[in-house]
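# sequence and predicted structure are below.
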Amino acid sequence: MSRLTSSAPPSDGTVERRLRGVSLLVVSVWMLLLTRLFYLQVVQGDVYKVSAERNSVRTQRVQAPRGAVLDRNFEVLVDSRPAFEVLVVPHETEDVPTTLLRISGLTGRDLDAVRKSYGTPRGRARFQPQRVAHDLDRDALASVELRLWALGGVLTQVSPVRGYRFGPSAAHLLGWLGEVSPEQLREKEFQSYRLGDVIGRGGIERLLDSDLRGRPGGRNLLVDAHGKELDLLSRVEPQPGRNVVLTIDHQLQLAAEAALDREHKQGAVVALDPRTGEVLALASRPAFDPNGFATGVDPEVWRALTSDPHKPLMNRALQGQYPPGSTYKVVTAIGGLEEKLVDPHTQVYCGGSFRLGRRTYRCWKKEGHGAMDLHKALVQSCDVYFYKLGLELGVNRLAYYARALGLGSRTGIELGGEMPGLVPTKEWRKLRDGTTWVEGDTVSVSIGQGANLWTPLQLASAYAAIANGGTRHRTHILKRIEEPDGTIVRTVEPEVVSDVAISAATLARVRAALSGVVNEPHGTGGVMRNLPGGVLAAGKTGTAQVVGMAPGERIDSEDLARQHRDHAWFVTYAPADDPRLVVAVLVEHGGHGGSAAAPVAREVVVRFLELEQGLYAGN
Amino acid sequence: MQGIDRRLIQNFEWPLFTMAVLVAAIGIVNLISASPEQTVTGMPDTALRQLVWLGIGIALMFAMLIPDYRTLERFALPFYGVIVALLVTVLIGGRIVNGSQRWLVLGPLNLQPSELAKLAMILLFARLLARRSASSPVGLRDLIVPGILIAIPAALILKQPDLGTTLVVCIVSASYLVLTRVRVFSFVLLAAFGAAAATAAWVFYLHDYQKERVFTFLNPERDPLGAAYHAIQSQIAVGSGGLFGKGFGQGSQSQLDFLPEQQTDFVFSVLGEEWGFVGVAVVLVLYLGILLRGLMIAHSSKDLFGSYLALGVVALFFWAGVINIGMVIGVLPVVGVPLPMLSYGGSALLTCMAALGLLMNVSMRRYIF
């Protein structure tokens, strides 16, 4: 112990002096606390007693009107319409079952639905209003309000309902709303949300939720034991959400959807402005009507949608991945020209089939195309020419040129869930299933069958780069975000991702051939001829095999059961010499590209030219 | 050792022990009333659990009496290191409740290392100050190392995020400045630095909901839904208690679930509502008794380390008490700081009991030289 004693340094009194000061401070602070408590409890005690006894403050949240979504011409696609809702405060309602029964009668809503919506509130929730009926019109509201005096604990309030003006049109990209989930509420990101708030669940609604939703306000009401409002204590006005302007041209969107819907086609249409990467139309079918979700989706409707084998919730334009079929041939052609394996005069003979080892790979034209140069081979979509060229290039060089066009990676559109597609290489095969890439695989890949997977958006983006002379833009759908008073919050400018590493001469040759596809005899894209105003288009057909067939075997697609039929592609741009529009169409199980997909693309292009020339008058 | 033990027992710190146990007992009774799952016959789960924690706490308090506090000086740095390591562990693998990652799961118990950090800071600063000569004035350069030593755990706790505990850790550590001779110039610079740090924390570190609370305090009309609701409801509860209170289990505000966090941060409003000004005054006087007794122990300690140790414990109880009660009665913004010995929370109670044990340890050895 003595060791420790000696280590104690001498004190000089500083600490002691300060200790006296500290004691004084502590005592005075405590006196202040006691004084305040005396004031609260003894002086003001009766006032607080009254407010506690009379019951308390009821907080009502006032939702902000959600912002509108408009197309590039300021046509309103989504906005909020006024509606009303009825709420019940459990704690203030003496006989809940009877009250719910009366509300059901007055509003004409199903009693079970009313009961379900009320739920079984416990604990804190018993003091908070429970919504029992929503999306009521003025008449239903009036009949409830007339009897409010007899219904203790019942209140009504304005609650705008989201309106998707065109129902299923553009549903995938606009998205839908749902109530914020308890899981989300537990996360920091959703701190400002409360149970029962709506939140964007898909598309633009989800992407821009924080802009669109605005800031909810609130009212603190003093209520008595019967739920009667005595006084408005304080009020904070809600801040309306921001408006969003899209790059979409809704007239074009409607044309694309109408063309797909005409024969109940399942698939996607993408229309881009090749000069900027702006998405002008983005259609996916089958679709759904987000209006059904706006007021709380019925679980059965939801289950039906999510379990539908046709996957109506999937945005095929950016989430559907399909083999590119003959639309791939531009990659093989570009590779051949860039690597100088062929020149425009190189002739290859197509006798209708191509032998590699013991296997025979057929051309789609059984009798053969005869002597083909690169231009003719693209125009007539000769398989044998590209089998041979692809084999010379090898899969990795093919992959290089596919990637140069942006294939195998996301195009960068703002919407969530975009798929990257797939560009196979030898290494990829090795990694995936440990097998070795064989030349036969290269043969399939060189005409766009086999492992390649593209989304319709990627196809449109790749052809946009070909069409505009080699510039890849980030695809985007958002043009502008504005405050309700019109102040611009954010403007999205076109963004160049890269300049494609392909020579201008090669691209010019490919463009000439794509123009030939439409405008020359034997071209597979003849559907695109005779456009309004004499505009010339360019394009490429594609047919993607769905069933893995024995090598060399070809079955005429029209003969197959629908789900085994090939996917039909068509990609086009117009005008051919100064492209202002790229359209990619995919029709699932449509059969041939030229007959199933090209007519859809034609309708979109025609509509675009009409709109451009102002040939239509209003809606 | 036998002789020392007998003298220790003779010098047992009865006043502090009695006051501490009284406050803790009031805390348990109050928790019974504050628990929503209250049953007529049995004890509610939270109060029962707190009682078990109190038992462990008293045992810990006695355990803290056994080693001579001067030997603890050696453990100050290692203990600090262990706490920092635990705080890092919490951020990596801790349990998340209400968006905050504060707890380490140890079997059936959840440990909150940020509570123990308060103890570590007290030990560390008592050691640092005791080692330097008290007569030489403190310049800015002398504050760099202590500043870093505060900043490390403070940043880790703020990251959880737990603004309240961060605040207490910083304020308790900074309180030691009062006891040293800091040059006026240094003090001004330090204040400027503090303001800059607070601004930086505001911009980079604070979450929107925390900023919202400060705004709400400055202007309660701003958000009637959030923090202002807490403040309004808790003032109604305390105020409506009147002189004698509404009686045990009779508070309409507490029993009807109007009070937020009424078992933890707002437990004092339950006390105010059900026991009135009289009950609140009793608790405040007991608190003051603990604080003044602590200051007396600091005064009578024969070495500087003991003095500083005692002062740290006093600072901990003082600041936590002021911040919490100030928040409940609407004179300070809503910050999540539990009320020592009254709020529900095992780690906090253990920390309090251990700290009081240290205080008693210093007191009981003041004659042994």
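Sure, I can see it.
# CA atoms for contacts and neighbours, from now on please.
Fine.
# closest point of the stretch 251-369 of chain B to chain A, which residue?
B:D303 (5.0 Å; Cα to the nearest Cα).
# next, count neighbours for that residue.
Residues contacting B:D303 under the criterion other Cα atoms under 10 Å in any protein chain shown number 22.
# ok, A:G152 next?
Look at A:G152: counted by other Cα under 10 Å, it has 22 neighbours.
# that one touches A:H91, doesn't it?
No. Counting by Cα atoms under 8 Å, A:G152 sits too far from A:H91 to count as a contact (10.0 Å).
# now do the helices in the stretch 51-200 of chain A.
A:96-107, A:111-118, A:138-146, A:171-174, A:182-185 (DSSP state H, counting those that start in this stretch).
# closest to chain B out of the ones you listed?
Going by Cα to the nearest Cα, the one of the helices of the stretch 51-200 of chain A nearest chain B is helix A:182-185, 9.2 Å.
# give me the contact status of the closest one with chain B.
No. Remark: helix A:182-185 sits outside contact range of chain B, by Cα under 8 Å from any Cα of the partner chain, the gap being at least 9.2 Å.
# and that helix, C-alpha only, in CSV?
Only the C-alpha atoms of helix A:182-185 are listed here, as CSV (Å, rounded to 0.1, in the frame of the first residue of the first chain):
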residue,chain,number,x,y,z
PRO,A,182,-43.4,-2.9,-42.5
GLU,A,183,-40.0,-4.2,-43.6
GLN,A,184,-39.2,-0.9,-45.4
LEU,A,185,-40.4,1.1,-42.4
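# give me the contact list for that helix.
A:F190, A:Q191, A:Y193, A:R194, A:L195 (Cα atoms under 8 Å, 6 or more residues apart in numbering or on different chains).
# ranges for the helices of the stretch 1-150 of chain B?
Under DSSP H, counting those that start in this stretch, the stretch 1-150 of chain B gives helices at B:2-10, B:14-34, B:45-63, B:69-72, B:76-93, B:113-131, B:144-158.
# give me whichever of those is most buried.
Of all these, helix B:113-131 has the most neighbours on average by mean count of other Cα atoms under 10 Å in any protein chain shown, namely a mean of 23.
# so where does whichever residue of the stretch 451-600 of chain A sits closest to chain B fall, helix or strand?
Relative to chain B, the nearest point of the stretch 451-600 of chain A is A:V489 (20.7 Å; Cα to the nearest Cα). Here A:V489, judged by DSSP states H and E, is contained in strand A:488-491.
# report the mean confidence score over the helix or strand just after that strand.
With elements assigned by DSSP H and E, the helix or strand that comes after strand A:488-491 is strand A:496-499. The average of the pLDDT scores along strand A:496-499 is 91.
# got it, and stretch A:513-520?
92.
# near chain A at all, the longest helix seen in chain B?
Longest among the helix segments of chain B by residue count, using DSSP state H, is helix B:267-300. Yes. Judged by Cα under 8 Å from any Cα, helix B:267-300 comes into contact with chain A at B:G276, B:F277, B:A281, B:L284, B:L288, B:L291, B:L292, B:L295, B:H299.
# got the contact list for B:E261?
Applying Cα under 8 Å, 6+ apart, the residues near B:E261 are B:V267.
# same thing but at 6 Å, please
Listed by Cα atoms under 6 Å, 6 or more residues apart in numbering or on different chains, B:E261 has no contact partners.
# surely it is in a helix?
No. Read with DSSP: H, G, I helix; E, B strand; the rest coil, B:E261 is coil and lies in no helix.
# quick one: it from B:T351, how far?
21 Å (Cα to Cα, to the nearest Å).
# likewise for A:V384?
82 Å.
# neighbour-wise, which of the two wins?
A count of neighbours by other Cα under 10 Å puts A:V384 above the other of A:V384 and B:T351, at 29 against 22.
# tell me the backbone dihedrals of the more buried one, please.
Note on A:V384: its backbone torsions stand at phi -60, psi -40 [degrees, to the nearest 10].
# OK, contacts around it?
A:C350, A:C363.
# mind redoing it with 8 Å?
A:V384 touches A:C350, A:G352, A:S353, A:F354, A:Y361, A:R362, A:C363, counting by Cα under 8 Å, 6+ apart.
# helix, strand or coil: sort out the fifth one for me.
It refers to A:Y361. Applying three-state DSSP: A:Y361 is strand.
# pLDDT weak spots in the chain?
Unless you meant another one, I'm taking chain A. A:1-16, A:51, A:53-58, A:122-127, A:222-230, A:294-297, A:547-563, A:615-619 (pLDDT under 70).
# that answer is for a different chain, and I need it for chain B
B:1-5, B:36-43, B:98-99, B:107, B:133-140, B:178-187, B:202-206, B:208-229, B:251-260, B:368-369.
# same thing but at 50, please
For chain B, the stretches with pLDDT under 50 are B:1-3, B:38-41, B:220-225.
# need the residues of helix B:267-300 next to chain A in CSV (columns: neighbour count and distance to A:G523).
As requested, the residues of helix B:267-300 next to chain A are arranged in CSV below (neighbours: other Cα atoms under 10 Å in any protein chain shown; distance: Cα to Cα, whole Å):
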residue, neighbour count, distance to A:G523
B:G276, 28, 94
B:F277, 27, 95
B:A281, 17, 96
B:L284, 19, 94
B:L288, 21, 97
B:L291, 24, 96
B:L292, 19, 99
B:L295, 25, 99
B:H299, 22, 102
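# nearest to B:I148, of the residues you listed?
B:L295 (27.5 Å; Cα to Cα).
# I figured the closest one hits B:V314, correct?
Yes. Using Cα under 8 Å, B:L295 is in contact with B:V314, at 7.0 Å.
# which other residues reach the helix or strand that contains A:A465?
Here A:A465 is covered by helix A:456-467, with elements defined by DSSP H and E. Outside helix A:456-467, the residues that touch it by Cα under 8 Å, 6+ apart are A:268-275, A:277, A:316-318, A:320-321, A:405-407, A:410-411, A:471-473, A:475, A:500, A:507, A:511, A:571-573, A:576, A:579, A:582-586.
# mind doing that once more with 7 Å?
A:268, A:270, A:272, A:274, A:317-318, A:405-407, A:411, A:471-472, A:507, A:511, A:571, A:579, A:582-586 (Cα atoms under 7 Å, 6 or more residues apart in numbering or on different chains).
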